[in-house]
Every structure is written in C-alpha cells, then in structure tokens.
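[1] Take this sequence and fold it.
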Amino acid sequence: MFFNRMESGRASISDAVYMEVITGLHGTTVPNILAAACLAMVGAITTYETGDKVTAALTVAGVVVAIVRLFEIVAFRRRLARPPQFARAEAVIWARRYIAGTVVTALVLGVFAARSIVLGDALCSVMAIGIGFGFGAGVVARLALRPVAALLDLVAIAAPAAIVTFMQPDLRHVGLGLLILMYVAASFEMVRLSFNASINQITLKRQFEQLSRLDPMTGVSNRSVLATDLPQMLAAGMIAVHTLDLDRFKEANDRFGHPVGDALLKQVAGRLKVLAAQDDLVVRMGGDEFVLVQRAAADAEAMAQRIVQSISAAYDIDGQMIELGVSIGVAVAPDDGRTAEALLSRSDKALYRAKQERGGYVLARELRMADKIVPSTKGLAA
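    Below you'll find the model as predicted:
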C-alpha cells in the first residue's frame, strides 16, 4: 500500500514541481565529490595496509563512476540553460540517469565495505562502513521524493556487507550485520516520513499556485498568468491575442446592481471557455476586460467572429434578459509582434479602434496597413 501511495503521489506532482525535484537532484556536485574523495582516501590506505588488489579495483571503479556522474550533472545544467524548455518525458530520462548513477555508486561502496570486513583490518573496516553510512544519510536527504530509488540505494549499500558478516560464525560479526540491517530499516522509515511530508507540501504548493493564478469571481485565469504563460505560448509558435472589452456592461451593472453584474461576468467567462480550445488561455484582466490567447492563429478572424456572436447573445439572469456587446482587438504573432508586450500593445490599439466603431472586432494588421497607406496618399496630394 505504501508503494502504491508513492507511485500515485509521484504521478500527481505537476510538471513544474517535477522539474523542481529533478533540478534539485542535480543542484550540487559536492556530495559526489566528497564521496569520491573519501573512497579514494580509504581505498588507498586499505590497499597500502593490506595489498589487496580487489580493494584497489573497487576504489578505481568508484572514482570513475563519480567522474561520470559529475559529467552527467554538468550536461544536465547545460541542457537546462538552453531552449526549448524541458518536457516531462525528457526530465524522466535525466532522472533515470541520475538514479542509475546513485545505485551503481551505492553498490560499489557496499562491495567495498564488504571487502574491508573480509580483509579483517578493523580500522579499515570502520572507515569503509562509515563511508557507506554517510552515503546512506545523503540518500535519505536527497532521494525522499524518489523512495523506490532510495530503497535500491540503501539495499545496495547494506546487502554486501550484511551478507559477509552473517557468513562469519562469531557473535561480533552477527551483531554488526544486525546493526547494518537496523540502519537500513531506520533509514527507510526516514525516507517514508520525508516522502509523506514532501507530498503534503507539494500538494499545498500546487493548491496555492492554482489559487494565485485564478480570478476568484469567474474561475478563469487572472492577469498575472499572462506574464508567465504568454511568452511560453509565443515561443511555441504562431498565436493570436484577442483583447475584449464588454459594451453596455456598465449600464447593465448600474441598472440591475452588482450581483447581476457579477453574474454577467461569470457567464461571459463561461462562454469564452466554451469557445477556447484546450490549449488556449482565457484571462480576466479586471473589470469587464478579458483576453483570449489562441494557439490556432490561422483561425484568428473566425474566432473573433465567434466571440462576437457568442458574447452578444442575450443573458438570462434570474429571469432578466440582458444584452451586451463586445469590442475586440486581434493581434497575431509574429506579423503583429514577436514579444508578449508588442502583441498586447497592438491588440489594445485594435481594441480602441473597435470601440470607436461601436463594437465588433478589428485586426491589428488592418491598422498596420492603414498606417502604410496614409503617408503615401499625403505624398501624392502634395
């Protein structure tokens, strides 16, 4: 049941939070460097004292694995710094690479500790087991949100040493084996507790993220979302920005009261959500102003026509039939602008022209064409 919860908890993490987790795993190289340095030091001492070639080979193997993992962390950071943005599928691949590296490291350290016990040098055994315990503590701290990987690491560290100790007939080795097993059990309990606490924190974070992005009255996105989502949508390809302003809303609000005005805004938002595709963005800017960001920009003018028809249809508010109009300014990227600021500015100018014409929609490209024609006409007149 715990593993089921772990899998469902991991699946429920949003893409943004999942990326936070993976980025955090690759956030520092210090533990990896320290583990390699400790292994190199203890391995060199043990090899010098015992002349054991297996210990020397394990030491070299551990250092090589550490170097490969350092290159993997550097490669991740370089990939993170360049576009396009990570998709979840790619992040999963990087996570698997990281986890594979930790499991191999844990197995090398586990076999290294087991070999030290077999050699019978008490001080070298203490140092080797100490490295394993230290790595296990790091696993508990860093892999709490990847509990299956944490369990694999802990087993890889402990199993070789525990098997070797239980193969020895004396009480001291049996006691050491039991101590190692108890360490693994306690470590995994800490992973379980940390996992539960982290999932609860992530759940709360997601709820706060969602609340901070929503307009509480209408349930659509608020204007803060434009600052984050519009540049991303623009980077993904051609989009159209429809800036809307309701006509005759103030008169209806003044005549029927604010509760009716609020109900009107909710219905307007609902109609816009029906018109919008799954990947489109509907935003209430404030008051009676809305923005619809459309991904299928080739259909921009047809969408503007549908918005006018939908918003202009009568509203039934507690038996009162109320009619509104709408003015829309439409800007299409990249022709009308290559940045979010330029698109919003030009859609606002087109909206202003639409309001001057008492409703309907105006395309920003029509204003651009008019600006090009006017100077040439003046030149002919002169």
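[2] show me where the stretch 151-300 of the chain has helices.
    171-213, 224-236, 249-256, 258-275, 300-312 (DSSP state H, counting those that start in this stretch).
[3] what number of residues lie near the nearest residue to Glu323 once chain neighbours are set aside?
    Distances taken as CB to CB, 6 or more residues apart in numbering put Ala314 closest to Glu323, at 5.2 Å, once the chain neighbours are dropped. C-beta coordinates here come from the backbone N, C-alpha and C atoms, glycine included. Using other CB atoms under 10 Å, Ala314 has 10 other residues around it.
[4] Just send the helices of the stretch 151-300 of the chain back as a markdown table, with mean neighbour count, distance to Leu145 and mean pLDDT too.
    Formatted as a markdown table, the helices of the stretch 151-300 of the chain follow (neighbours: other CB atoms under 10 Å; distance: least, CB to CB, whole Å; pLDDT from 0 to 100):
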| stretch | mean neighbour count | distance to Leu145 | mean pLDDT |
| --- | --- | --- | --- |
| helix 171-213 | 15 | 5 | 84 |
| helix 224-236 | 15 | 24 | 88 |
| helix 249-256 | 15 | 47 | 92 |
| helix 258-275 | 17 | 34 | 95 |
| helix 300-312 | 18 | 41 | 95 |
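[5] Reformat these as CSV; add distance to Leu34.
    What follows is the helices of the stretch 151-300 of the chain, written out as CSV (distance: least, CB to CB, whole Å):
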stretch, distance to Leu34
helix 171-213, 19
helix 224-236, 37
helix 249-256, 64
helix 258-275, 53
helix 300-312, 57
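[6] of all the ones you listed, which lies closest to Met369?
    Of all these, helix 300-312 sits nearest to Met369, with 14.2 Å by CB to CB.
[7] Would you check that Val65 makes contact with Thr105?
    Yes - using CB atoms under 8 Å, Val65 makes contact with Thr105 at a distance of 5.5 Å.
[8] neighbour count winner among those two?
    Ranked by neighbour count (other CB under 10 Å), Val65 and Thr105 place Thr105 first, with 25 against 21.
[9] Contact partners for the more buried one?
    Neighbouring residues of Thr105 by CB atoms under 8 Å, 6 or more residues apart in numbering: Asn32, Ala35, Gly62, Val65, Ala66, Arg69, Phe135.
[10] For it, give its distance to Ala149.
    Shown here: Thr105 relative to Ala149, a distance of 12 Å by CB to CB, to the nearest Å.
[11] can you check Val332 too?
    Val332 is 46 Å from Ala149, by CB to CB.
[12] mind listing what Met19 touches?
    Met19 neighbours (CB under 8 Å, 6+ apart): Phe86, Arg88, Ala91.
[13] Quick check, Ala161 in contact with Gly130.
    No - Ala161 lies out of contact with Gly130 (CB under 8 Å); the separation is 11.6 Å.
[14] Neighbour count for the two, which is higher?
    Taking Ala161 and Gly130 together and counting by other CB under 10 Å, Ala161 has the greater number of neighbours (27 against 13).
[15] So, low pLDDT: which residues of the chain?
    Filtered on pLDDT under 70, the chain yields the residue ranges 1-14, 370-382.
[16] mind checking how far Asn200 is from Ile322?
    45 Å.
[17] before we move on, what about Val104?
    68 Å.
[18] now swap in Asp15 and tell me
    Taken as CB to CB, the span from Asp15 to Ile322 is 41 Å.
[19] With Glu289 instead?
    18 Å.
[20] Just want to know which of the two has more residues nearby.
    Counted by other CB under 10 Å, Glu289 and Ile322 do not tie: Ile322 has more neighbours, with 19 against 16.
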